[in-house]
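A.B. asks: Quick one, what's the 3D model for this:
(one chain, ligands or ions: 2)
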Amino acid sequence: MNSYAEKLSSLPEIFQGILKNIDVNLDPKTPFNIANKIYESFMELFSDGGMKEAASEVKKELEEMENTELHIAITGETGSGKSSLINALRSKNAEDDGAAPVGVKETTVDSNVYTHSNYPKVKFWDLPGIGSPDFSPDSYLQKVDFQRYDFFIIVGSERFRSNHIDLAQAIQKMEKKCYFVRTKVDSDLSNMERSYPNTFNAEEVLEMMRNDFKKQLEKCFRNTIPQVFLISSWDLDMYDFPRLVETLEKDLPSLKRLAFLLSLPMFSPEFTEKKKSALKSHLRKISLASAGINAIPIPGLPLACDVALLCGSMVAFYKMFELDDGSLARRARLARKPVEELKAVMKSPQEKEFTNDLVIKLITNYEKELFRPSLVRSLVAAGVSFVITYWMLSSFLDNLAEDADRVRKKALEPRAPGRAPRQAQDLMQPKVK
Ligand SMILES: Nc1nc2c(ncn2[C@@H]2O[C@H](COP(=O)(O)OP(=O)(O)OP(=O)(O)O)[C@@H](O)[C@H]2O)c(=O)[nH]1
Ligand SMILES: [Mg+2]
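C.D. replies: Numbering: from 1, shown residues only. Ligands and ions are numbered 1, 2, ... in the order given. Below is the predicted model:
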């Protein structure tokens with residue numbers, strides 16, 4: 001780590017969840033004091049100069065983050081649920097534009113790439129099935145250009161067969177990571193419940209399946225045994241999907257990890273928190289870049305910053321929390337509710353209202369809240385800009401995360417009776433948590 005980055009990360013902990021832990025209304029002096037502390041730490045950090053260099057370095061880091069590509073290969077037998085999983089990971093259903101076709105007959109014969117709507121750099125590869133009896137893992141991997149992928153997900157919907165195992169071994173030989181995902185767990189559970197109505201226990205059935213797969217794989221792999229995750233593409237918040245996310249997160253290098261996390265759908269309140277804290281650790285960089293390069297004085301305020309950079313980052317947060325117009329429309333379609341119903345629970349402005357002028361308005365409000373007029377005139381503009389923009393981004397992110405959770409809950413609420421005819425899909429709607 002370079003020294004400025006070390007110094008930047010050693011700034012007081014007050015950066016983290018700053019507004020969350022403090023009841024500003026109880027002590028009106030609190031925001032002034034904290035803003036001053038951050039200001040002093042910032043000024044000390046650059047007391048020997050170097051702010052422009054540090055700012056352009058963080059700007060480069062932010063650009064690198066934006067340009068990081070992630071290629072996820074999804075393979076497995078015909079009909080195992082590969083395309084449905086890809087759609088779920090892209091927050092789409094099969095009827096949406098650009099969705100992977102899903103069917104009960106064989107639908108994916110060639111490799112197809114699906115770009116994430118909000119993160120064009122995150123790509124899902126729907127690879128051809130591995131079902132044929134003369135399947136050769138080595139030639140399959142060559143054909144699908146195995147080098148391209150960051151990791152493989154091998155999807156199975158029943159037992160894992162020799163083709164799955166051979167493929168996983170070949171992938172490991174190529175020094176790539178692979179994970180087994182067993183889909184359609186929802187229908188296994190409902191079948192078991194029908195068969196054993198009096199003794200059925202979902203957790204026990206899941207545990208039995210996990211142990212069974214583990215034993216099966218232990219026999220076939222000597223060193224690294226790929227992990228198995230039981231999931232349903234209809235209910236990403238249930239079963240082993242959260243554990244799959246955690247595992248991939250640990251295994252991926254840092255920039256790819258962030259791209260992966262930010263691209264995933266908002267499937268649970270815990271995940272919203274995870275996304276928020278992943279983003280929070282980047283706010284200091286955005287504020288530093290905004291205060292240090294292309295900073296333009298804001299008329300009437302004792303500060304200068306790159307408003308376009310701030311506005312661009314804030315608009316990007318909407319996509320990350322699936323609160324942009326496109327994501328809201330998609331989610332409304334999926335929930336079969338009018339999009340206005342979802343928008344109505346948001347407290348932040350809508351994405352399309354977000355302009356440079358709105359950012360300036362927010363900055364103006366925070367400037368009044370954080371600095372005493374008598375003091376602020378004597379402070380250095382870059383330090384003031386850093387504090388105010390950091391504070392604004394941090395509370396904006398808190399609000400957006402709360403909105404994301406409200407929208408998620410609203411989408412899951414049962415629809416008012418009589419609004420649309422009941423369909424089979426309703427039976428699989430997850431419960432509101
Ligand atoms: N209950 C349940 N059904 C699923 C799940 N995932 C997929 N399905 C169903 O399984 C069938 C096959 O799904 P696809 O996603 O088309 O499977 P695929 O592996 O892409 O199939 P091919 O492209 O033909 O190889 C469809 O009827 C899906 O609706 C799941 O998690 N739960
Ligand atoms: Mg398919």
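
A.B. asks: Next, find the distance separating the residue sitting nearest the centre point of the chain from K121.
C.D. replies: Centroid check for the chain by CA atoms, centre = their mean gives L262 as the closest residue, at 2.6 Å. From L262 across to K121, the span is 10 Å (CB to CB, to the nearest Å). Every residue, glycine included, has its C-beta placed from N, CA and C.

A.B. asks: Then S56?
C.D. replies: 22 Å.

A.B. asks: which residues does V384 contact?
C.D. replies: By CB atoms under 8 Å, 6 or more residues apart in numbering, the contact list for V384 reads Y39, P302, L303, E367, F371, V376.

A.B. asks: ok, of these, which one's closest to P242?
C.D. replies: Nearest to P242 among the contacts of V384: Y39, at 39.4 Å, using CB to CB.

A.B. asks: Could you name the helices and strands sitting against the helix or strand containing that closest one?
C.D. replies: In this assignment (DSSP states H and E), Y39 forms part of helix 30-45. Here helix 30-45 touches helix 3-9, helix 356-370, helix 381-412, going by 3 or more CB pairs under 8 Å, 6 or more residues apart in numbering; DSSP states H and E.

A.B. asks: I'd like the distance between the residue nearest to the centre of the chain and ligand 1.
C.D. replies: To ligand 1, L262 is 24 Å away according to CB to the nearest ligand atom, to the nearest Å.

A.B. asks: likewise G81?
C.D. replies: 3 Å.

A.B. asks: Burial check on that residue, number of neighbours?
C.D. replies: 24 (other CB atoms under 10 Å).

A.B. asks: My guess is it contacts V155. True?
C.D. replies: Yes. The criterion here is CB atoms under 8 Å, and G81 meets it with V155 at 5.9 Å.

A.B. asks: Tell me which helix or strand the residue nearest to the centre of the chain sits in.
C.D. replies: Assigned by DSSP H and E, L262 belongs to helix 254-263.

A.B. asks: And the next helix or strand past that helix?
C.D. replies: helix 269-292.

A.B. asks: Contacts for whatever helix or strand comes next after that next one next, please.
C.D. replies: Sequence order places strand 296-297 as the next helix or strand after helix 269-292, per DSSP H and E. Under the criterion CB under 8 Å, 6+ apart, residues L303, A304, C305, D306, V307, A381 lie in contact with strand 296-297.

A.B. asks: Surely I388 is in contact with Y366, unless I've mixed up the numbering?
C.D. replies: Yes. Shown here, I388 and Y366 form a contact pair, counting by CB under 8 Å, at 4.8 Å.

A.B. asks: the more surrounded of the two?
C.D. replies: I388 (30 against 19).

A.B. asks: Provide a list of residues in contact with the more buried one.
C.D. replies: Contact partners of I388, counting by CB under 8 Å, 6+ apart, are A35, L303, I363, Y366, E367, L370, F371.

A.B. asks: give the contact list for R182.
C.D. replies: So R182 contacts V155, G156, S157, F160, M209, F213, V228, F229, L230, I231 (CB under 8 Å, 6+ apart).

A.B. asks: same thing but 7 Å
C.D. replies: Listed by CB atoms under 7 Å, 6 or more residues apart in numbering, the contact set of R182 reads G156, F213, V228, L230.
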